[in-house]
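Trainee: have a look; sequence and predicted model below, questions after that.
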Amino acid sequence: MGVAGRVMLLMLPLLAACSSVKVTREVEMPARASGMVGAKKLAVLQLDGDRDGSFGARVEAWLASIQVRGTPYFEVLERKMLDRIVVEQKMVSASGLFDERDAVRLGDLAGADTLVMGGVHLPRPGERLYQRSEQVCRTWKKVVREGKEVEECAYYGTRYIDCVERSANVDFTIKAVSVRQGNLTFTRTYSGSAGENSCNGRAKSGGDLQNEAIRQVFEAMRKDVAPYTVMVSLEFMDDDDGMDRATRKKVEGAMEYAEQQRVDRACEIFREAAAGAPRSPALYYNLGVCAEIEADYDRAATFYRQADRNAGEPVELISQALVRVKQMQANQQAVSQQVH
């Protein structure tokens, strides 16, 4: 079973006035940037502002680390191979710098389908030293209160404490160019910032803050460039309309299993009970939830529509499910196109 079918269940707090059961499951979402669809074999070129190439190396490593369904999503070409092609093909200007007009030809020769270009602004972390003042007791005296001798402050003074304020910022503009089409397919600027004030001598270093700012950039970029997962909450319906006594008893048992996170067994009982309650809105809705947990969105939509017909009037939970499963069907199709 793939990631789309793997389920993470979590019992959520129940409202006092409601006996429903909620579970959450992990679902796949397509990359949000349509221009990254089809981008699989990447060549990361020299970035503007990245003098020593260290930030570009981090971008390469990060792209190579992205996994979807347990396997690397991108193949990132080695910089050494790109540099060798640049030299062999004499893709340099009179100043000795890489001529970006040859970028698409470079990608074609390297076997890449997408070029990653852009620029980075990574200023040196800032630092400001300052002092914080606080009142401290300079002289103590003994006094008698309620028959007991105690100490109290007789004279207050000011103490100055050395403090440091550090900050780091990064702005990264990514540009994806299709080698086949020769045009820009995706571009966006991401920003990250981190800062800290400390007066205890334990402040993070400027390098640590810079790394934190860069991580923010990568986290913001992650959902744009490749499929990702989110947690979706699903709720079973506890209603006995359209059920006879025997079916109602079975459904009560199924809900008890669901409350104990035995959703697999609960769904088995819901399926067994369906034959005895063809007009039950709740039972068919719950069958839809079971199908959705298994990532069978077509079957879930069929059950939700039957639940809607059985209800005879709008039911908020069913209406929400119909909208949600339609979106899930679209997401599933989009993810399949991106993964394969």
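Mentor: Yep, that arrived.
Trainee: which residues does the helix or strand L109 falls within contact?
Mentor: In this assignment (DSSP states H and E), L109 forms part of helix 103-110. Outside helix 103-110, the residues within contact range by CB atoms under 8 Å, 6 or more residues apart in numbering are 43, 45, 77, 81-82, 85-86, 89, 91, 113-115, 117, 177, 179, 182. Where C-beta positions appear, they are placed from N, C-alpha and C, glycine not excepted.
Trainee: any of those residues buried? List them.
Mentor: Using 16 or more other CB atoms under 10 Å as the burial test, the contacts of helix 103-110 include 43, 45, 77, 82, 85-86, 91, 113-115, 117, 177, 179 as buried.
Trainee: looking at pLDDT only, which of these scores worst?
Mentor: For the buried ones among the contacts of helix 103-110, the model is least confident at M91; its pLDDT is 71.
Trainee: would you agree it is in contact with R84?
Mentor: No. Between M91 and R84 there is no contact, the gap being 10.9 Å when judged by CB atoms under 8 Å.
Trainee: just to revisit the earlier point, what's the average pLDDT for the helix holding L109?
Mentor: The predicted model assigns helix 103-110 a mean pLDDT of 85.
Trainee: buried residues in it?
Mentor: Buried residues in helix 103-110, defined by neighbour count with 16+ other CB under 10 Å: 103-104, 106-107, 109-110.
Trainee: longest helix in the chain, please.
Mentor: The longest helix of the chain (DSSP state H) is helix 316-339.
Trainee: can I get the CA coordinates of that helix in PDB?
Mentor: Extracted C-alpha coordinates of helix 316-339, given in PDB (Å, rounded to 0.1, in the frame of the first residue of the first chain):
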ATOM      1  CA  GLU A 316     -23.800  19.400   6.800                       C
ATOM      2  CA  LEU A 317     -21.500  16.500   7.500                       C
ATOM      3  CA  ILE A 318     -22.500  14.800   4.200                       C
ATOM      4  CA  SER A 319     -22.300  18.000   2.200                       C
ATOM      5  CA  GLN A 320     -18.800  18.600   3.500                       C
ATOM      6  CA  ALA A 321     -17.800  15.100   2.600                       C
ATOM      7  CA  LEU A 322     -19.100  15.400  -1.000                       C
ATOM      8  CA  VAL A 323     -17.000  18.600  -1.500                       C
ATOM      9  CA  ARG A 324     -14.000  17.100   0.200                       C
ATOM     10  CA  VAL A 325     -13.900  13.900  -1.700                       C
ATOM     11  CA  LYS A 326     -14.300  15.700  -5.000                       C
ATOM     12  CA  GLN A 327     -11.200  17.700  -4.200                       C
ATOM     13  CA  MET A 328      -9.400  14.500  -3.100                       C
ATOM     14  CA  GLN A 329     -10.200  12.900  -6.500                       C
ATOM     15  CA  ALA A 330      -8.700  15.900  -8.200                       C
ATOM     16  CA  ASN A 331      -5.600  15.900  -5.900                       C
ATOM     17  CA  GLN A 332      -5.100  12.200  -6.500                       C
ATOM     18  CA  GLN A 333      -5.200  12.600 -10.300                       C
ATOM     19  CA  ALA A 334      -2.700  15.500 -10.100                       C
ATOM     20  CA  VAL A 335      -0.300  13.600  -7.800                       C
ATOM     21  CA  SER A 336      -0.400  10.600 -10.100                       C
ATOM     22  CA  GLN A 337       0.600  12.900 -13.100                       C
ATOM     23  CA  GLN A 338       3.400  14.400 -11.100                       C
ATOM     24  CA  VAL A 339       4.800  11.200  -9.700                       C
END
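Trainee: buried stuff in it?
Mentor: 317-318, 321, 324-325, 328, 331-332, 334-335, 338-339.
Trainee: switch these over to CSV; also include distance to G195 and pLDDT.
Mentor: Formatted as CSV, these follow (distance: CB to CB, whole Å; pLDDT from 0 to 100):
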residue, distance to G195, pLDDT
L317, 45, 95
I318, 48, 96
A321, 44, 96
R324, 39, 96
V325, 44, 96
M328, 40, 95
N331, 37, 94
Q332, 41, 92
A334, 38, 92
V335, 37, 93
Q338, 36, 89
V339, 39, 88
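Trainee: quick check: of those residues, which lies closest to P278?
Mentor: Closest approach between these and P278, by CB to CB: I318, at 16.4 Å.
Trainee: just to check, the closest one is in contact with N286?
Mentor: No. Between I318 and N286 there is no contact under CB under 8 Å: 10.8 Å.
Trainee: roughly how far does Y228 sit from P125?
Mentor: 30 Å (CB to CB, to the nearest Å).
Trainee: which one's more surrounded, the two?
Mentor: The neighbour count for Y228 versus P125, taken as other CB atoms under 10 Å, is higher for P125 (19 against 16).
Trainee: quick one: contacts for the more buried one?
Mentor: 166-168, 206-207, 209-210.
Trainee: who wins on neighbours among these?
Mentor: Busiest of those [other CB under 10 Å] is A168, holding 26 neighbours.
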